[in-house]
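**Student:** just coords:
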């Protein structure tokens with residue numbers, strides 16, 4: 001892949017990488033990066049910096065991200081009950097919301113919803129939207145004051 005990836009395309013690759021690593025924790029993310037980015041098996045491709053940042057950030061902060069997500073789950077719900085696709089999408093979104101201050105919150109939420117549309121179903125998209133709306137709601141109240 002020789003053309004530069006957009007941020008949206010990078011988020012897709014981050015989702016794919018994190019989902020694969022969730023299924024196989026022993027997987028080497030650099031091998032996954034190459035599989036996702038390279039058109040040919042023997043070609044090594046430069047990994048976009050933001051892809052490294054997203055994947056590394058989610059992995060390094062996963063416990064904190066999971067605590068954030070858990071705060072907004074309905075009674076009787078726990079992380080193991082969430083579909084793996086939704087959990088990975090939420091981790092990416094919460095990472096961007098909490099640690100990537102240069103990204104507007106609306107962009108992070110919209111990108112998460114786009115990932116949910118692409119990799120999940122409408123019910124999951126609504127679930128992701130509901131969880132994320134609780135996270136950004138306090139900011140909305142701050143701007144209305």
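**Tutor:** Alright, I've got the coordinates. Just so you know, these numbers come straight off a predicted model, no measurement behind them. Residues are numbered from 1 along each chain as shown.

**Student:** C-alpha from now on. contacts and neighbour counts both.
**Tutor:** Fine.

**Student:** Do you have the helices of this protein handy? List them.
**Tutor:** Taking DSSP state H to define them, one finds helices in the chain at 7-23, 29-37, 49-60, 62-71, 84-99, 105-119, 122-144.

**Student:** most packed of these?
**Tutor:** Burial of the helices of the chain is given as mean neighbour count (mean count of other C-alpha atoms under 10 Å); helix 84-99 ranks first at a mean of 22.

**Student:** can you list contacts of that helix?
**Tutor:** Helix 84-99 has contacts (C-alpha atoms under 8 Å, 6 or more residues apart in numbering) with 15, 18-19, 22, 54, 57-58, 61-62, 65-66, 68-69, 79, 103-105, 108-109, 111-112, 115-116, 119-120, 124, 128, 132.

**Student:** again with stretch 26-46
**Tutor:** Contacts for stretch 26-46 (C-alpha under 8 Å, 6+ apart): 1, 13, 17, 20-21, 47.

**Student:** want to try CSV for the helices of the chain, with mean pLDDT as columns?
**Tutor:** Formatted as CSV, these follow (pLDDT from 0 to 100):
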stretch, mean pLDDT
helix 7-23, 95
helix 29-37, 88
helix 49-60, 97
helix 62-71, 95
helix 84-99, 97
helix 105-119, 96
helix 122-144, 78
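
**Student:** possible to save the ones you listed as JSON lines with distance to residue 43?
**Tutor:** Below are the helices of the chain laid out as JSON lines (distance: least, C-alpha to C-alpha, whole Å):
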{"stretch": "helix 7-23", "distance to residue 43": "17"}
{"stretch": "helix 29-37", "distance to residue 43": "8"}
{"stretch": "helix 49-60", "distance to residue 43": "18"}
{"stretch": "helix 62-71", "distance to residue 43": "31"}
{"stretch": "helix 84-99", "distance to residue 43": "28"}
{"stretch": "helix 105-119", "distance to residue 43": "27"}
{"stretch": "helix 122-144", "distance to residue 43": "35"}
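
**Student:** Closest to the centroid, which residue in the chain?
**Tutor:** Nearest to the mean C-alpha position of the chain, by C-alpha atoms, centre = their mean, lies residue 92 at 2.2 Å.
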